[in-house]
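[1] A predicted structure for the sequence below; I have some questions about it.
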Amino acid sequence: MTRHDATQNTRIVLASRPRGEPTADDFRLEQVPLPEPADGQVLLRNRYLSLDPYMRGRMNAGRSYAKPVEIGEVMDGGTVSEVIVSRHPDLQPGDLVLAHGGWQTHAVAQGGTLKRKLDARVAPLTTALGVYGMPGFTAYVGLHEIGKPQAGETVVVAAASGPVGATVGQIAKLQGARAVGIAGGEAKRAYLRDELGFDVALDHRAPDFADQLRAACPDGIDVYFENVGGAVFDAVLPLLNDFARIPVCGLVAHYNDTALPAGPDRMAMLMGQILSRHLTVRGFIQYDFIALYPQFLRDMGAWLTDGKIRYREDLVDGLENAPRALIGLLRGENFGKVVVKL
């Protein structure tokens, strides 16, 4: 684990833009003097760092929904942080906050942007980076605002053992829908079925996965929460019912692609299916619905307190291990929400 000097900030910066899958050489560990907060700012000691699939997109130079990380800049990421120096009237040393401190041990932030203080007596601090934070909110708004499952409908979710997918399935069950989860491996299938209460859990690696999915959805699919793309979507598409809804949250199967896939152009076929089956397909980023954040905090807080929503975390020890953990996450090697303890 990285040892921290009281006068130094340890950070990981983007050393080069990956071509395909990231490697350790695309990251660089540095130590620099601690930054000084100006008036209205605070100096944070980052205690936990969230790792999420979106980070792969930030490593590219191309146009996206957010500015890419530049070469030499600190890698982007949400953090649970402690205020150690404050020059803002609403924050005091020792306050724990949800921040965007990035891949580093310390960060300076505008005090006015740190609107969520954390209390470990209410929920474990790490949940603010997972089920009780951005991933949980993503699941909540994507399902409520786009998926809109009705009692008795079938909801299928890809990457179902991850922090977004696991939450989607459990909320769907709370609303009376059937939840069909897709994950990789028997351990993840057992977790979805036995611990989270999914009606069916399937392994996308099974040779007969498409046949298994068809058998699991005898009445078709009403909501497909897309986190993956690739072969999973290929199996889902023929099973979509008329007026099915598809919240497109992520496409992790394609994040390391460097070229279009080989084969015929199926865009016309896909558009024809969207038209003839009256499908709703909407890509979204969680902050599209940021006005619902207080409602999410209220509802999710109650569900967690009542034991109606469960979660799993994959804890990584040490900032220096963050690159390896992100590479593993993109390969599907994690089991639960990936959090780095700094």
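    Ah, there it is.
[2] find the nearest non-adjacent residue to Gly328, please.
    On the basis of CB to CB, 6 or more residues apart in numbering, the spatially nearest residue to Gly328 that is not a chain neighbour turns out to be Asn334, at 6.1 Å. C-betas here are computed from N, CA, C, even on glycine.
[3] quick one: Thr305 and Ala123, what's the gap?
    For Thr305, the distance to Ala123 (CB to CB, to the nearest Å) stands at 8 Å.
[4] neighbour count: these two, which is higher?
    Residue environment comparison for Thr305 versus Ala123 gives the larger neighbour count to Ala123, 17 against 11, counting by other CB atoms under 10 Å.
[5] looking at the chain, which residue lies furthest from center?
    Relative to the average C-alpha location in the chain, and by CA atoms, centre = their mean, no residue lies farther out than Asp39, which sits at 33.3 Å.
[6] so that residue makes contact with Arg87?
    Yes - at 5.2 Å, Asp39 counts as touching Arg87 under the criterion of CB atoms under 8 Å.
[7] common neighbours of those two, please.
    With contacts taken as CB atoms under 8 Å, 6 or more residues apart in numbering, not a single residue reaches both Asp39 and Arg87.
[8] check what pLDDT Asn256 gets.
    In the prediction, the pLDDT value recorded for Asn256 is 72.
[9] same question, His4
    At His4, the model reports a pLDDT of 49.
[10] and what of Gly62?
    Turning to Gly62, the model gives it a pLDDT of 75.
[11] now swap in Arg56 and tell me
    At Arg56, the pLDDT recorded in the model is 92.
[12] give me the number of residues near it?
    Per other CB under 10 Å, the neighbour tally for Arg56 reads 18.
[13] that one and Gly250 touch, don't they?
    No - Arg56 lies out of contact with Gly250 (CB under 8 Å); the separation is 10.0 Å.
[14] ok, the residue nearest to Tyr311 when sequence neighbours are not counted to Gly301 distance?
    Take Tyr311 and drop its neighbours on the chain: the residue closest to it by CB to CB, 6+ apart is Val131, 4.0 Å away. Per CB to CB, Val131 is found 11 Å from Gly301.
[15] assign Asn256 to helix, strand or coil.
    coil (DSSP: H, G, I helix; E, B strand; the rest coil).
[16] my guess is it meets Met59, correct?
    No - assessed by CB under 8 Å, Asn256 is found out of contact with Met59, at 10.2 Å.
[17] mutual contacts of the two, please.
    Counting by CB under 8 Å, 6+ apart, the contacts common to Asn256 and Met59 are Pro18, Pro22.
[18] and these two? Which one has more around it.
    For the pair Asn256 and Met59, the greater number of neighbours falls to Met59 (20 against 15), based on other CB under 10 Å.
[19] list the contacts for that one?
    Residues in contact with Met59 (CB under 8 Å, 6+ apart) are Leu14, Arg17, Pro18, Pro22, Asp26, Pro68, Val69.
[20] dump the residues you listed into JSON lines; add pLDDT, secondary structure and neighbour count as well.
    What follows is the contacts of Met59, written out as JSON lines (pLDDT from 0 to 100; DSSP: H, G, I helix; E, B strand; the rest coil; neighbours: other CB atoms under 10 Å):
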{"residue": "Leu14", "pLDDT": "97", "secondary structure": "strand", "neighbour count": "22"}
{"residue": "Arg17", "pLDDT": "96", "secondary structure": "coil", "neighbour count": "15"}
{"residue": "Pro18", "pLDDT": "94", "secondary structure": "coil", "neighbour count": "18"}
{"residue": "Pro22", "pLDDT": "95", "secondary structure": "coil", "neighbour count": "21"}
{"residue": "Asp26", "pLDDT": "97", "secondary structure": "helix", "neighbour count": "19"}
{"residue": "Pro68", "pLDDT": "91", "secondary structure": "coil", "neighbour count": "17"}
{"residue": "Val69", "pLDDT": "95", "secondary structure": "coil", "neighbour count": "21"}
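[21] between those, which sits nearest Val108?
    Distance to Val108, by CB to CB, is smallest for Val69 among the contacts of Met59, at 17.5 Å.
[22] so that closest one makes contact with Asp76?
    Yes - look at Val69 against Asp76 with CB under 8 Å: they come within range, at 5.6 Å.
[23] now do the shared contacts for those two.
    Common neighbours of Val69 and Asp76 (criterion: CB under 8 Å, 6+ apart): Arg58.
[24] doesn't Pro323 lie inside a helix?
    Yes - according to three-state DSSP, the state of Pro323 is that of a helix.
[25] any idea what the residue nearest to it when sequence neighbours are not counted is bridged to?
    Leaving out its chain neighbours, the residue that sits closest to Pro323 by CB to CB, 6+ apart is Phe27, at 4.2 Å. Under the criterion DSSP bridges, Phe27 forms beta bridges with Leu14.
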